[in-house]
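Chemist: what would the 3D arrangement of this be:
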Amino acid sequence: MIAALRKVLNTILILGLLVTNVLTLTSSAVHDALYGLLNRLPISEFLKSSPTSKNKALKSQVAKQKRIIAKTRKVSNNISKRAVRAVSANVASIPAEAIPFVGVAFIVGVTAMDVKFACDTMTDLDELSSMMDGEDLAGDRAKVCGTVVPTADEIVEKLKAGSSSAYEALGGTLYEIFDN
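Modeler: You can find the predicted model right below:
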């Protein structure tokens, strides 16, 4: 009698294991239910390499990457729009900059706008850099954002004082400006 009962229990146990094995492989709902059941046991170390754990980790990474991509698109769009505004303003100001002495005010205004746009661009690039690798470009940003544009009166005074101080007021020759 005990031998017959043992044989029946073993048969039921083997069939039950086979059915649950097949169901966990073919049904994600059964797999998730059994994973949740096993996750409650103090053997969670064994579940770290399970497909469900890997799937959760991948979903988390994908969500993070989507947020980074969305932010990157927004920042890139801002930089692009800013570049278009800067070029348009520079080209539009050329005729006014050619007027003696009055043109200096236009040059100062456009240069101040360029410095502001460059500072905003450095801030955006810093944000992109920190999203990618956690480091920022604070040293370069501080240099650009800390640039002080002389006033039109200061430039006119230096122009009247002599040509060498005019170069200092304007930041040097074109070669020196573009060489940096």
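Chemist: Pro150 is in what secondary structure piece?
Modeler: Using DSSP states H and E, Pro150 maps to neither a helix nor a strand.
Chemist: phi first, then psi, for it.
Modeler: Backbone torsions of Pro150, given as degrees, to the nearest 10, read phi -70, psi 150.
Chemist: so it sits against Val108, correct?
Modeler: Yes - using C-beta atoms under 8 Å, Pro150 is in contact with Val108, at 7.1 Å. Any C-beta I mention is one placed from the backbone N, CA and C, and that applies to glycine too.
Chemist: who's in contact with the residue most central in space within the chain?
Modeler: Nearest to the mean C-alpha position of the chain, counting by C-alpha atoms, centre = their mean, stands Leu128 at 3.1 Å. Contacts for Leu128 (C-beta atoms under 8 Å, 6 or more residues apart in numbering) come out as 72, 75.
Chemist: in three-state terms, label it for me.
Modeler: For Leu128, the secondary structure call by DSSP: H, G, I helix; E, B strand; the rest coil comes out as helix.
Chemist: how much space separates it from Ser76?
Modeler: Applying C-beta to C-beta, to the nearest Å, the value for Leu128 to Ser76 is 8 Å.
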